[in-house]
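**Q** one predicted model, sequence on top.
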Amino acid sequence: MIAFVSDASGSPQIWIKNLAGGDPIRITSGDLNPSRPSWSPKNDQILFEGNGPNPTSPRGIWSVPPLGGSPRKLIGAGLCPCFSGDGSRIVFHRFIYGIFICAADGSDERLVETRRRDAYISSRAVLSPDGQRLAAFVSPQSGWPDLCVTPVDGAKVNVLLSERAEGADPVWTPDGRTIIFSSDRGGTRNLWQIPADGGSPEPLTTGAGDDNEPAVSGDGARLVYASVRNTHALMVLDTATGTSRTVLEQRELIRAAEFSPSGDQLVAVSSTWDKDQPFIVSADGTGRRPVPGEDGFLQWSADGASLYTFRIRPDVSIHRVSLAGGQPAEMGPAWKDGIATPPWVSPDGKRVAYSTQEEGKIVGTRVRDLETRRGEAPGDPRVATLVARRPVAGWQLTVRFPDTRLPSRRSGLQECGTFRIGAVLGTGRRQHLLLHPRTIGP
């Protein structure tokens with residue numbers, strides 16, 4: 001039998017299923033939003049992580065009979081529960097507060113000293129089959145998670161794996177000699193194994209991933225895990241016919257796509273959790289190539305021969321990248337300002353407009369000369385003109401001024417396709433931008 005979480009009934013619930021066959025059985029209900037089920041080796045309960053009694057309560061650890069019943073709360077605040085090999089103890093963590101061990105009924109709780117006060121537990125902690133050691137991924141406040149093994153008395157932390165990769169979900173094999181875990185160290189998230197006393201990791205699964213949350217059968221002969229095959233696609237929609245086509249697909253997130261002025265190329269950003277990589281690709285999906293830098297904002301020049309990139313570190317600056325090659329060229333000296341939105345460069349490449357903020361609130365829009373860095377006063381009418389003239393192939397930007405009544409959100413979506421709130425202009429009044437196909441008209 002296995003226990004797992006599924007939202008097949010409309011909300012996340014715990015289900016059980018016999019691996020020999022038959023339909024799965026739901027054993028929880030309500031709004032606990034359960035996750036991380038752990039089946040007791042004594043077969044008397046299933047633990048899971050669930051919501052507290054109100055929205056502000058921390059998530060805690062609950063218990064439910066294997067064939068269903070009323071869940072009962074064992075631990076008021078705790079994450080990622082796991083049983084010891086004999087089912088007599090539970091190990092869990094409280095994120096930045098460390099790893100804890102308690103009896104199977106939630107009593108006799110104690111902290112396991114990890115000797116790493118600058119770190120937090122980034123995934124579940126698991127006891128070895130003999131109950132003498134703990135394995136967990138521990139993340140420094142700034143850095144990548146390390147796979148660590150420590151005695152339950154916290155005497156010494158042994159770092160098995162420390163590298164620039166994401167890792168999670170360690171489990172022990174029944175003989176206590178090997179630890180299996182999930183990691184993207186090979187480029188995609190797969191399952192790996194490493195000797196518990198140290199050594200080189202070896203892959204257990206390969207392919208596109210994501211392979212997560214492994215669990216080993218009691219005899220060590222079988223391994224069950226969750227496998228998700230997600231892809232992100234860059235799509236092009238023909239607004240005249242309503243048909244769409246896929247330009248490219250990839251594992252990483254694709255965002256901030258923009259047509260070139262001529263419409264034959266696209267620029268977009270491929271994003272992972274630690275890096276943004278801009279790239280250019282032809283509208284037919286061929287000729288993909290990276291754009292120098294790791295900038296999350298991109299804009300085409302009016303002639304389509306260059307790209308503008310926006311950086312906020314070490315100082316706010318605009319760079320121009322020629323598609324003919326070469327390194328990004330900074331367009332004048334950097335400046336410091338409370339920029340709240342990505343800037344837009346004028347078609348002649350001489351000015352830039354962006355919204356400004358104070359204490360986290362948008363307060364106005366500023367236009368700067370890219371050569372002198374002189375700024376024009378918020379509310380200058382040229383700001384609206386500058387934004388409205390942004391070249392967008394196949395689309396037209398209409399500026400609706402504050403004295404024009406804006407349609408409701410529903411009618412805006414029906415009549416204009418895509419609805420966007422633009423920059424804040426003037427003194428406390430909003431400027432609204434509606435983006436719609438040219439065939440509809442302004």
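**A** Arrived safely. Numbering: from 1, shown residues only.
**Q** any idea how far residue 265 lies from residue 9?
**A** Note on residue 265: its distance to residue 9, by Cβ to Cβ, to the nearest Å, is 46 Å. Quick note: C-beta positions are derived from backbone N, CA and C, even for glycine.
**Q** which one of these two has more residues nearby?
**A** residue 265 (19 against 11; other Cβ atoms under 10 Å).
**Q** contacts only, for the more buried one.
**A** Going by Cβ atoms under 8 Å, 6 or more residues apart in numbering, residue 265 touches 259, 280, 281, 282, 283, 304.
**Q** report the buried members of those residues.
**A** Using 16 or more other Cβ atoms under 10 Å as the burial test, the contacts of residue 265 include 259, 280, 281, 283, 304 as buried.
**Q** in these, find the pair that's most separated.
**A** Among those, the pair separated by the greatest distance (Cβ to Cβ) is 281 and 304, at 14.1 Å.
**Q** residue 194 is in what secondary structure piece?
**A** Assigned by DSSP states H and E, residue 194 belongs to strand 190-195.
**Q** repeat that for residue 356.
**A** strand 351-358.
**Q** avg pLDDT for that strand?
**A** Strand 351-358 carries an average pLDDT of 78.
**Q** other SSEs contacting that strand?
**A** Judged by 3 or more Cβ pairs under 8 Å, 6 or more residues apart in numbering; DSSP states H and E, strand 351-358 is in contact with strand 344-345, strand 361-369, helix 381-388, strand 418-425.
**Q** worst average pLDDT in the ones you listed?
**A** What stands lowest among those, in mean pLDDT terms, is strand 418-425, with a mean of 30.
**Q** quick check: domain ranges of this structure?
**A** Domain segmentation of the chain under automatic domain parsing yields 2-227, 231-336, 338-442.
**Q** just name the most buried of those.
**A** domain 2-227 (a mean of 17; mean count of other Cβ atoms under 10 Å).
**Q** first vs last residue of that domain, how far apart are they?
**A** 15 Å (Cα to Cα, to the nearest Å).
**Q** how distant is it from the center of its chain?
**A** 21 Å (Cα atoms, centre = their mean, to the nearest Å).
**Q** in strands, which of the buried ones among the contacts of residue 265 appear?
**A** 259, 280, 281 (DSSP state E).
**Q** so of the contacts of residue 265, which two are at opposite extremes in space?
**A** Maximum pairwise distance among those (Cβ to Cβ): 14.1 Å, between 281 and 304.
**Q** output the below-cut-off pLDDT ranges for the stretch 151-300 of the chain.
**A** 154, 209, 273-274, 293-296 (pLDDT under 70).
**Q** residue boundaries of the strands in the stretch 51-200 of the chain?
**A** For the stretch 51-200 of the chain, the strands defined by DSSP state E, counting those that start in this stretch cover 60-64, 72-75, 79-83, 89-93, 99-103, 110-112, 119-121, 126-127, 133-140, 146-151, 158-161, 167-172, 178-183, 190-195.
**Q** got those strands as TSV, with distance to residue 233 columns?
**A** Below are the strands of the stretch 51-200 of the chain laid out as TSV (distance: least, Cβ to Cβ, whole Å):
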stretch	distance to residue 233
strand 60-64	38
strand 72-75	42
strand 79-83	33
strand 89-93	37
strand 99-103	40
strand 110-112	45
strand 119-121	35
strand 126-127	37
strand 133-140	31
strand 146-151	34
strand 158-161	33
strand 167-172	26
strand 178-183	25
strand 190-195	22
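**Q** residue 317: which of the ones you listed is closest?
**A** Smallest distance to residue 317 across those (Cβ to Cβ): 30.1 Å, for strand 133-140.
**Q** partner strands of that closest one, with direction?
**A** Using DSSP bridges, the strands paired with strand 133-140 in its sheet are strand 119-121 (antiparallel), strand 126-127 (antiparallel), strand 146-151 (antiparallel).
**Q** will you turn those into a markdown table that also has distance to residue 139?
**A** Listed next are the strands paired with strand 133-140 as a markdown table, based on distance: least, Cβ to Cβ, whole Å:
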| stretch | distance to residue 139 |
| --- | --- |
| strand 119-121 | 6 |
| strand 126-127 | 17 |
| strand 146-151 | 7 |
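**Q** mean pLDDT lowest where, among the ones you listed?
**A** Among those, strand 119-121 carries the lowest mean pLDDT, a mean of 68.
**Q** so, low pLDDT: which residues of the stretch 1-150 of the chain?
**A** 95-97, 113-120, 122, 141-142.
**Q** measure the closest residue to residue 144 other than its chain neighbours to residue 143 for me?
**A** On the basis of Cβ to Cβ, 6 or more residues apart in numbering, the spatially nearest residue to residue 144 that is not a chain neighbour turns out to be residue 164, at 5.3 Å. Separation of residue 164 from residue 143 (Cβ to Cβ): 9 Å.
**Q** show me what contacts residue 28?
**A** Residues in contact with residue 28, defined by Cβ under 8 Å, 6+ apart, are 13, 14, 34, 48, 64, 68, 71.
**Q** how far away is it from residue 15?
**A** 8 Å.
**Q** dump stretch 90-99 to PDB, keeping only the CA atoms.
**A** C-alpha atoms of stretch 90-99 as PDB (Å, rounded to 0.1, in the frame of the first residue of the first chain):
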ATOM      1  CA  ILE A  90       8.800  10.800  14.800                       C
ATOM      2  CA  VAL A  91      11.300  13.200  13.300                       C
ATOM      3  CA  PHE A  92      10.300  16.600  12.000                       C
ATOM      4  CA  HIS A  93      11.600  20.200  11.600                       C
ATOM      5  CA  ARG A  94      10.600  23.700  12.200                       C
ATOM      6  CA  PHE A  95      12.500  25.400   9.400                       C
ATOM      7  CA  ILE A  96      15.000  27.800  11.000                       C
ATOM      8  CA  TYR A  97      14.600  26.300  14.500                       C
ATOM      9  CA  GLY A  98      16.200  22.900  13.700                       C
ATOM     10  CA  ILE A  99      15.300  19.200  13.700                       C
END
